[in-house]
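**Student:** would you be able to build a 3D model of this:
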Amino acid sequence: MRLFTPLYDAALRWARHRHAQRYLAGMSFAESVIFPVPPDVMLAPMCLANTNKAWYFALLTTLASVIGGILGYALGFWLFEPVVEPLIASMGWQDKFDHALSWFKDYGVWIVFLAGFSPIPYKVFTIGAGLLHMAFLPFLLASAVGRGARFFLVAALMKFGGARMEEKLRQYVEVLGWLVVGLAIVLYLIYR
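**Tutor:** Below is the predicted model:
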């Protein structure tokens, strides 16, 4: 069953849309607060579609994501009890959120950097940083460096990989897609 190839083709089409930059910025902002889909899925095809603007797209994604992270921080700082906590409780995620908060004790500001760079849900740590009243400037710096490193790496891979990278992605998109699904299931079972 070919599920991911049509999605990949659709992402490439959306990347050429005249409002693609706005969509990318909106997705990057929202992903830092609540949205579950990472902006990489739009950033990569946009960089492939227009390699001359790859650095601009990475910068746009980084800035929008960090601004979204600031909103997540503010939600944790000022509105955790009335807004965020009931949402976490209703979804049954309290133990997962508490586990993520414990990482702040072990890693401090480095967990924000790690969450910004890796596939760990960045939004959990933006809200957690605000809830724990982490110093804002280190939070902002860790967010900008982590997010920037991730998005500029994606842009570089697409810019310098160009048509060869697109060809390899197309060749392995089904395998990669199913690997991500499998990884998500394994992580769910581990942290359940």
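
**Student:** just want the most central residue of the chain.
**Tutor:** Centroid-nearest residue in the chain: Pro38, 3.8 Å away (criterion: C-alpha atoms, centre = their mean).

**Student:** for the helix or strand of the chain with the lowest mean pLDDT, packing partners?
**Tutor:** Ranked by mean pLDDT, DSSP states H and E, the weakest helix or strand in the chain is helix 4-15, scoring a mean of 74. If you count contacts as 3 or more C-beta pairs under 8 Å, 6 or more residues apart in numbering; DSSP states H and E, helix 4-15 packs onto helix 40-49, helix 136-191. Heads up, the C-betas are built off the backbone N, CA and C, glycines and all.

**Student:** flag every buried residue along it.
**Tutor:** Within helix 4-15, the residues scored as buried using 16 or more other C-beta atoms under 10 Å are 4, 8, 11-12, 14-15.

**Student:** does Gln126 touch Glu31 like I think?
**Tutor:** One correction, residue 126 is Thr, not Gln. No: Thr126 is beyond contact range of Glu31, at 10.3 Å (criterion: C-beta atoms under 8 Å).

**Student:** which neighbours do those two have in common?
**Tutor:** Taking C-beta atoms under 8 Å, 6 or more residues apart in numbering as the contact definition, Thr126 and Glu31 share the neighbouring residues Gly68.

**Student:** low-confidence stretches in the chain?
**Tutor:** 1, 11, 180, 183-184, 187-188, 190-192 (pLDDT under 70).

**Student:** again, only this time at 50
**Tutor:** Along the chain, segments meeting pLDDT under 50 are nowhere present.

**Student:** with distance to Val175 added, can I get the buried residues of helix 4-15 in JSON lines?
**Tutor:** Formatted as JSON lines, these follow (distance: C-beta to C-beta, whole Å):
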{"residue": "Phe4", "distance to Val175": "9"}
{"residue": "Tyr8", "distance to Val175": "12"}
{"residue": "Ala11", "distance to Val175": "17"}
{"residue": "Leu12", "distance to Val175": "18"}
{"residue": "Trp14", "distance to Val175": "22"}
{"residue": "Ala15", "distance to Val175": "22"}
